[in-house]
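Enquirer: Fold the following, please.
(4 chains)
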Number of protein chains: 2
Amino acid sequence: MQFCTQSIFPWYAGAMTDTTDRRSRKRQATRQAISNAATRLFWERGFDAVTIDEIAAAADVGRMTVFNHFPRKEDLFFDREAEGRELLRTTALHREKGVSPLEAFRRLAHRLIAEQAPYVVFSAESQAFIRTVEESPTLKARARAIRDELAAEIASALIDATGAQGADPHARLAASLLLAAWTTAFIEAHRTYQQTQSAEAAQAQFLHLIDRAGQGIAVALQGTAYA
Amino acid sequence: MQFCTQSIFPWYAGAMTDTTDRRSRKRQATRQAISNAATRLFWERGFDAVTIDEIAAAADVGRMTVFNHFPRKEDLFFDREAEGRELLRTTALHREKGVSPLEAFRRLAHRLIAEQAPYVVFSAESQAFIRTVEESPTLKARARAIRDELAAEIASALIDATGAQGADPHARLAASLLLAAWTTAFIEAHRTYQQTQSAEAAQAQFLHLIDRAGQGIAVALQGTAYA
DNA sequence: CGGCATTTTGGACTCGTCATAAAAATAGAC
DNA sequence: GTCTATTTTTATGACGAGTCCAAAATGCCG
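Expert: Numbers count the residues shown, from 1 in each chain, chains lettered A, B, ... in the order given. Next comes the predicted model:
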């Protein structure tokens, strides 16, 4: 598990790959050791101030082993991409009858908040997480890249979900607006939390912006299969 | 002038800094030489395949001189940030009476298309420009960063333009949605151009998406000073 | 010409990333 | 248990972007 999982979302730790044989278990163990060491160091000194060599040394492992498990340094920090991607895709695909994809995403936001899902938790720890990202140009760049990857995923999911023909530009517009809205809602909610130290206020801000943007995007996508 | 200016928007070349004394002139000359060399090499082999050393050698200049004029390698490619930023800011600030900021941006899009402004030109050359960016992870990352910088600029301009108090989250939501819409419109228009080889079709696609998104964003920002 | 500021330059250094090959650990077959 | 094949780890070396620093070249002005 990586920084964000360990520090912010501890309840997700461990047990995600089948560890049948000893080889897989050992591999997972070293991976874990590397991630733990990286997490601790990042937490102590920030992302950019920690070198791969230090992580390797702290994990008592060769430098190449680190790259073996985590192709990029940023992968030691952001590790929940796949899950988020999957969540978004299933939201678009498996939805109740008569609910538009856009409405499904709006409801997802409300559900995540209601369930206190890790993605939309506002706490001192999540604040530290945000700050760590903000302080590192590398992590900010990666965050932007992930945002675009998620937008592409949503666009593809929208096309798959509706089977719309020739409406790809609209799907990509919808995805782009959706991601922009979610990102902004998330950031602004965190800003609110930082100012008020109230998780409730932050959640309210998040949902307020999601709903506002949702209404607008629905109008923008009027006449398409997505709204 | 850099890659995009020289190759895509040649009519903007030259004459942007006052060259009173010989020192400034020489400095500008070396800067130009570096940029020209970089432009040619990027054009020939793509961005990532060219090293700073090669650029320096081609410009007959020391390696450090390159970094002296262009702090990052990407700055040799993207050089029109400031102008775009200024254009967006003035659009938000100096607009006709009774025209909302959002509507001002919509009209700007139509005006740029009508004037065949460099930003929204669709041609074989602009296509090559896009392709060069797409093929380089570094340039894609920089493009994303610029997008965020422009969004921040718009948000600040919106706040300045309306003098709205305590509505900053809405301003940032508006800016974020606006930039997402423009980016998508631009990309989709280029995609259309690539498929149809018709600049008219591309322009139509661009304006269609801008207008669609514009209507939606107006709804999203209903009740604020921005819509 | 000679002092002064700016610009240019070379060299050494850090860090992330990649390629390669060797070494170590492990699983399976006998 | 031993041998072999596969996987995993490791060391080494290289490359390129970016930074620091001190020295050298260049233009400016008295």
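Enquirer: Would you tell me what the next helix or strand after the helix or strand harbouring A:Leu179 is?
Expert: Using DSSP states H and E, the element containing A:Leu179 is helix A:168-196. Sequence-wise, the next helix or strand downstream of helix A:168-196 (DSSP H and E) is helix A:199-220.
Enquirer: any idea how far A:Asn36 is from the residue of chain A found nearest DNA strand C?
Expert: Minimum separation of chain A from DNA strand C (Cβ to the nearest atom of the strand) falls at A:Arg22, amounting to 2.9 Å. To be clear about C-beta, it is placed using only N, CA and C from the backbone, and glycine gets the same treatment. Note on A:Arg22: its distance to A:Asn36, by Cβ to Cβ, to the nearest Å, is 20 Å.
Enquirer: who's more crowded, these two?
Expert: Between A:Arg22 and A:Asn36, counted using other Cβ atoms under 10 Å in any protein chain shown, A:Asn36 has the larger neighbour count: 17 against 8.
Enquirer: So chain A: which segments form each domain?
Expert: With automatic domain parsing as the criterion, the domains of chain A are listed as A:3-76, A:81-220.
Enquirer: Columns mean pLDDT and distance to B:Val120 on top of the ones you listed, output as a markdown table?
Expert: Shown next, in a markdown table, are the domains of chain A (pLDDT from 0 to 100; distance: least, Cβ to Cβ, whole Å):
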| stretch | mean pLDDT | distance to B:Val120 |
| --- | --- | --- |
| domain A:3-76 | 83 | 33 |
| domain A:81-220 | 96 | 16 |
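Enquirer: element containing the closest residue to A:Ala143 other than its chain neighbours, please.
Expert: Leaving aside its sequence neighbours, A:Ala143 sits nearest to A:Val133 (Cβ to Cβ, 6 or more residues apart in numbering or on different chains; 5.9 Å). Element membership for A:Val133 (DSSP H and E) is helix A:124-134.
Enquirer: can you give me the angle that helix makes with helix A:199-220?
Expert: Counting by axes from the mean of the first three to the mean of the last three Cα atoms, to 10 degrees, helix A:124-134 lies at 60 degrees to helix A:199-220.
Enquirer: Wait, A:Ala199 touches A:Ser123, no?
Expert: Yes: using Cβ atoms under 8 Å, A:Ala199 is in contact with A:Ser123, at 6.6 Å.
Enquirer: Looking at those two, which is more packed in?
Expert: Each of A:Ala199 and A:Ser123 has its neighbours counted (other Cβ under 10 Å); A:Ala199 has more, 16 against 13.
Enquirer: which residues sit against stretch A:120-128?
Expert: By Cβ atoms under 8 Å, 6 or more residues apart in numbering or on different chains, the residues outside stretch A:120-128 that reach it are A:7-9, A:43, A:109, A:112-113, A:186, A:189-190, A:193-194, A:199, A:202-203, A:206.
Enquirer: Which residues in that stretch does the neighbour count mark as buried?
Expert: A:120-122, A:126-127 (16 or more other Cβ atoms under 10 Å in any protein chain shown).
Enquirer: what's the closest of those residues to A:Val66?
Expert: Within the buried residues of stretch A:120-128, proximity to A:Val66 (Cβ to Cβ) peaks at A:Ser126, which comes in at 26.2 Å.
Enquirer: measure stretch A:192-205 end to end?
Expert: Terminal residues of stretch A:192-205 lie 7 Å apart, using Cα to Cα, to the nearest Å.
Enquirer: roughly how far is it from the heart of the chain?
Expert: Here the centre of stretch A:192-205 is set off from its chain's centre by 20 Å, with Cα atoms, centre = their mean, to the nearest Å.
Enquirer: and the nearest residue to A:Ala201 once chain neighbours are set aside, how many neighbours does it have?
Expert: Using Cβ to Cβ, 6+ apart and skipping residues adjacent in sequence, the residue nearest A:Ala201 is A:Thr192, 5.3 Å away. Neighbour count for A:Thr192, taken as other Cβ under 10 Å: 23.
Enquirer: A:Thr192 contacts A:Gln203, doesn't it?
Expert: No: counting by Cβ under 8 Å, A:Thr192 stays clear of A:Gln203, with 9.1 Å between them.
Enquirer: Deepest-packed of the domains of chain A, please.
Expert: Highest mean neighbour count among the domains of chain A (mean count of other Cβ atoms under 10 Å in any protein chain shown): domain A:81-220, with a mean of 18.
Enquirer: ok, which stretches of chain A are helices?
Expert: In chain A, the segments counted as helices under DSSP state H are A:3, A:22-45, A:52-58, A:63-69, A:81-93, A:101-114, A:124-134, A:137-162, A:168-196, A:199-220.
Enquirer: Around chain B, which positions in chain A sit nearby?
Expert: Residues of chain A found near chain B, taking Cβ under 8 Å from any Cβ of the partner chain as the criterion, are A:140-141, A:144-145, A:147-148, A:169-170, A:172-173, A:176-177, A:179-181, A:183-185, A:187-188, A:191-192, A:205, A:209, A:212-213, A:215-222.
Enquirer: contacting residues for A:Ile34?
Expert: Shown in contact with A:Ile34 (Cβ under 8 Å, 6+ apart): A:55-56, A:59, A:61, A:65-66, A:69-70, A:76.
Enquirer: about what we covered before: roughly how far does the residue nearest to A:Ala201 sit from A:Ala128?
Expert: 17 Å.
Enquirer: again, but for A:Ala92
Expert: 32 Å.
Enquirer: list the contacts for the nearest residue to A:Ala157 once chain neighbours are set aside?
Expert: Ranked by Cβ to Cβ, 6+ apart and with sequence neighbours excluded, the top spatial neighbour of A:Ala157 is A:Ala92, at 3.7 Å. Neighbour list for A:Ala92: A:101, A:104-105, A:154, A:157-158, A:160-161 [criterion: Cβ under 8 Å, 6+ apart].
Enquirer: What parts of chain A come near DNA strand C?
Expert: Counting by Cβ under 7 Å from any atom of the strand, chain A comes close to DNA strand C at A:21-23, A:26, A:50-53, A:63-64, A:67, A:71-74.
Enquirer: wait, which of those residues is closest to DNA strand D?
Expert: Taking Cβ to the nearest atom of the strand as the measure, DNA strand D lies nearest A:Met64 of those, at 3.2 Å.
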